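Undergrad: sequence first, predicted model second:
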Amino acid sequence: MAQATPKIRVRNLYKSFGSNHVLQGLDLDVGVGESVVVIGGSGSGKSVLLKCILGLIEPDAGSIEIDGKETVGLTGRERDEVMAKFGMLFQGAALFDSLPVWENVAFGLIQAKGTDRKAAKAIAIEKLAAVGLGPEVATVWPAELSGGMKKRVSLARSIATNPEIIFFDEPTTGLDPIMGDVINDLIVDCVRDLGATALSITHDMASARKIAHRIAMLWQGKIIWAGPVSDIDHSGNDFVDQFINGRADGPIKMQVGA
Amino acid sequence: MPLLAPIGRVLLGFVAATGRLSIFTILAASHCVRPPLFPRLILRQMVEIGYYSLPVVGLTAIFTGMVLALQSYTGFSRFNAESAIATVVVLSVTRELGPVLAGLMVAGRIGAAMAAEIGTMRVTEQIDALSTLSTNPFKYLIAPRLIAGLTMLPLLVVVADIIGVFGGFLIGVYRLDFNAANYLRLTWEFLKTIDVVSGLVKAAVFGFLIALMGCYHGFHSRGGAQGVGAATTNAVVSSSILILAFNYAITAMFFGE
């Protein structure tokens, strides 16, 4: 997809932790309104990529542009302005234990946008409804929720401020297949309704096929293949074929045992 | 060379940790004085540190005062110096034992809780979630705890001083047969403002250190439940050692001459 100014443009991104070179010159574009899913094995650097874009980890080298503006090294108010464009669904939901569900959902509205608590609560209940949860859930505590409900609440939190960009970190991990599909449908609906740009990371191919316009494969710190979701089954790339078919044999060798 | 390498590694590790702690302290302190602050969160932490620590600090203080009076009596009675007991109790409690014991008890109760709470938030990505919601974790999590620690420990020590002296009074009057009015007169006679003020300064410093260590170790915890456990232990041990070290430094500053 050729875009003059991609929503997210990553160029030559490097990140190492000691001798572990996680990202090694990664390039990635995500167009406006596009949903891109990055696939790759455990420990391949998918989460590090997301955290670098979000500014939670400082890359060693490279460029990350959001709407054409360089974001590497931004701090303070400038960083806050960029972060206001983002929503994020964390792998483990990352709900705040000390706040009831509605305050979790309304957190960004109250803290970052200064919305008064009454109005924020009304919006939170509206967003909970958008992810299929009733108003009775608003006042319970995160510890009382099942895994699927936590993911839904986290999804409601990620869309509460109507972000321009939403990140999904392993959205279906730890859920049964039916609940996983429910979450996938909600992600597709929410992204479409908001007109948002989405970047997801997963190794669940069913999820990737459902929520992606484009899929990119991360291997040894680089994107080794990227293309429309319809091309994934005939990518002509042995690494991609092995990964999407879940075969032990192939160019990707897993470290087993000591 | 094989001998020098491990020493160098330890030294480099120590320098790196000192640098990390210094940067953390400066950042945290700067967020304590720069708006916006979170009054609701500060108040919640004040209640947690100040109000809920009252029983443990009060019990520690009263038994300490009672023991001080008893021990002083066994020593001073040999020299017919029983009249010094009230003075020894009040000076020991206000200058040293009130702030130090309150600090150590609060370090065990609050420092551990802070490290565990913030550490759990770190390993469950709640701190990352704060950042993605345009909320600075230093402002939201660290600053309220530091402000509450700094302000609440002096108040706790005022209470500890009163209860500690009262413990000595109970033993003095009901066990050692002092005249109550005479005991109180001896307590007041030798007590100076500097005795109380030095204790309160110590308390403020200890409160800041307890909150700082709890937040620092929690904020940098890694690796799940084991990491949070280690952070909790490190918070209590480091704040306890710092309390004792700073106690000496502040004592030398006030009473060194």
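TA: Received it, and whenever you're ready, just let me know what you need. Residues are numbered from 1 along each chain as shown, chains lettered A, B, ... in the order given.

Undergrad: ok, and the closest non-adjacent residue to the closest residue to chain B within chain A?
TA: The minimum distance from chain A to chain B, using Cβ to the nearest Cβ, falls at A:Ala112 (3.6 Å). Quick note: C-beta positions are derived from backbone N, CA and C, even for glycine. The spatial neighbour of A:Ala112 that comes closest, neighbours along the chain excluded (Cβ to Cβ, 6 or more residues apart in numbering or on different chains), is B:Ser134 at 3.6 Å.

Undergrad: wait, what's in contact with A:Gly87?
TA: A:Gly108, A:Arg157, A:Ser158, A:Ile159, A:Ala160, A:Thr161, A:Pro163, A:Ile165, A:Ile166, A:Phe167, A:Ala196, B:Thr132 (Cβ atoms under 8 Å, 6 or more residues apart in numbering or on different chains).

Undergrad: so which of the residues you listed belong to strands?
TA: A:Ile165, A:Ile166, A:Phe167 (DSSP state E).

Undergrad: okay, these in TSV with distance to B:Leu12 and pLDDT next?
TA: As requested, these are exported to TSV (distance: Cβ to Cβ, whole Å; pLDDT from 0 to 100):
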residue	distance to B:Leu12	pLDDT
A:Ile165	40	92
A:Ile166	42	91
A:Phe167	36	92
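
Undergrad: ok, those residues vs B:Gly111, which is closest?
TA: Taking Cβ to Cβ as the measure, B:Gly111 lies nearest A:Phe167 of these, at 34.6 Å.

Undergrad: related to what we said a few turns ago, so which of the contacts of A:Gly87 is surrounded by the most neighbours?
TA: Each of those was scored for neighbours by other Cβ atoms under 10 Å in any protein chain shown, and A:Arg157 scores highest at 32 neighbours.

Undergrad: where does the prediction get shaky in the chain?
TA: Picking chain A for this. Applying pLDDT under 70 to chain A picks out residues A:1-4, A:254-258.

Undergrad: wait, chain B
TA: Those would be B:1, B:257, if you go by pLDDT under 70 across chain B.

Undergrad: where does it get nearest to chain A, residue-wise?
TA: For chain B, Cβ to the nearest Cβ, closest residue to chain A: B:Ser134, 3.6 Å.

Undergrad: can you count the residues close to that residue?
TA: With other Cβ under 10 Å as criterion, B:Ser134 counts 20.

Undergrad: can I assume it sits in a helix?
TA: No - going by DSSP: H, G, I helix; E, B strand; the rest coil, the assignment for B:Ser134 is coil, not a helix.

Undergrad: correct me, but it touches A:Gly108?
TA: Yes - at 6.6 Å, B:Ser134 counts as touching A:Gly108 under the criterion of Cβ atoms under 8 Å.

Undergrad: what about B:Val88, neighbour count?
TA: 20.

Undergrad: now do A:Thr173
TA: Counted with other Cβ under 10 Å, residues neighbouring A:Thr173 total 15.

Undergrad: skipping adjacent residues, who's closest to it in space?
TA: A:Gln91 (5.8 Å).

Undergrad: check contacts around that neighbour.
TA: A:Gln91 neighbours (Cβ under 8 Å, 6+ apart): A:Ser47, A:Asp169, A:Glu170, A:Pro171, A:Thr173, B:Glu125.

Undergrad: again, only this time at 6 Å
TA: A:Asp169, A:Glu170, A:Thr173 (Cβ atoms under 6 Å, 6 or more residues apart in numbering or on different chains).

Undergrad: which of those residues fall in strands?
TA: A:Asp169.

Undergrad: please name the residues that touch the residue positioned nearest the centre of chain B.
TA: Closest to where the C-alpha atoms of chain B average out (Cα atoms, centre = their mean) is B:Gly103, at 2.6 Å. Contact analysis of B:Gly103 by Cβ under 6 Å, 6+ apart lists B:Phe206, B:Ile243.

Undergrad: what helix or strand is it on?
TA: helix B:98-106 (DSSP states H and E).

Undergrad: which parts of the stretch 51-200 of chain B sit against chain A?
TA: Within the stretch 51-200 of chain B, the residues that sit near chain A (Cβ under 6 Å from any Cβ of the partner chain) are B:Thr124, B:Glu125, B:Gln126, B:Asp128, B:Ala129, B:Ser131, B:Thr132, B:Leu133, B:Ser134, B:Thr135.

Undergrad: list the contacts for the last one?
TA: Read it as B:Thr135. A:Gln111.

Undergrad: near chain B, which residues of the stretch 101-250 of chain A are found?
TA: So far as Cβ under 6 Å from any Cβ goes, the stretch 101-250 of chain A lies against chain B at A:Phe107, A:Gly108, A:Gln111, A:Ala112.

Undergrad: for stretch B:37-48, buried residues please.
TA: Within stretch B:37-48, the residues scored as buried using 16 or more other Cβ atoms under 10 Å in any protein chain shown are B:Phe38, B:Leu41, B:Ile42, B:Gln45, B:Met46, B:Glu48.

Undergrad: which residues are contacting that stretch?
TA: Residues contacting stretch B:37-48 (Cβ under 6 Å, 6+ apart): B:Pro144, B:Arg145, B:Ile147, B:Ala148, B:Met152.

Undergrad: let's see that with 8 Å instead.
TA: B:Ile110, B:Ala113, B:Lys139, B:Tyr140, B:Ala143, B:Pro144, B:Arg145, B:Ile147, B:Ala148, B:Gly149, B:Thr151, B:Met152.

Undergrad: among those, name the buried ones.
TA: By 16+ other Cβ under 10 Å, the contacts of stretch B:37-48 give B:Ile110, B:Ala113, B:Lys139, B:Tyr140, B:Ala143, B:Pro144, B:Arg145, B:Ile147, B:Ala148, B:Gly149, B:Thr151, B:Met152 as buried.

Undergrad: please point out which parts of whichever helix in chain A runs longest sit buried.
TA: Looking across chain A with DSSP state H, the single longest helix is helix A:177-194. For helix A:177-194, the neighbour count (16+ other Cβ under 10 Å) marks A:Met179, A:Gly180, A:Val182, A:Ile183, A:Asn184, A:Leu186, A:Ile187, A:Cys190, A:Val191, A:Leu194 as buried.

Undergrad: before we move on, the earlier item: how far does the next helix or strand after the helix holding B:Gly103 sit from its chain's centre?
TA: Helices and strands here follow DSSP H and E; after helix B:98-106, the next one along the chain is helix B:112-123. Here helix B:112-123 is found 19 Å from its chain centre; the criterion is Cα atoms, centre = their mean, to the nearest Å.

Undergrad: buried set for helix B:112-123?
TA: So helix B:112-123, judged by 16+ other Cβ under 10 Å, has buried residues B:Ala112, B:Ala113, B:Met114, B:Ala115, B:Ala116, B:Glu117, B:Ile118, B:Gly119, B:Thr120, B:Met121, B:Arg122, B:Val123.

Undergrad: how about residue 213, nearest residue that isn't a chain neighbour?
TA: As the question left the chain open, I've gone with chain A. A:Ser35 (4.8 Å).

Undergrad: chain B is the one I meant
TA: Nearest residue to B:Met213 in three dimensions, chain neighbours excluded: B:Ser239, at 3.9 Å (Cβ to Cβ, 6+ apart).

Undergrad: relative to A:Ile244, how far out is the one you found?
TA: 52 Å (Cβ to Cβ, to the nearest Å).

Undergrad: pick out whichever of these two has more residues nearby.
TA: The residue with more neighbours, out of B:Ser239 and A:Ile244, is B:Ser239; 29 against 19, by other Cβ under 10 Å.

Undergrad: where do the helices sit along chain A?
TA: Under DSSP H, chain A gives helices at A:46-54, A:76-83, A:101-107, A:117-130, A:147-159, A:177-194, A:205-211, A:238-245.

Undergrad: counting neighbours, which of the residues of the stretch 51-200 of chain B next to chain A comes out on top?
TA: Most surrounded of these: other Cβ under 10 Å gives B:Ala129, at 27 neighbours.

Undergrad: does it lie in a helix or a strand, and which?
TA: helix B:126-132.

Undergrad: now do whichever helix or strand comes after that helix: distance to the chain's middle.
TA: As assigned by DSSP H and E, the chain's next helix or strand after helix B:126-132 is helix B:137. Remark: helix B:137 is offset 23 Å from the chain centroid, using Cα atoms, centre = their mean.
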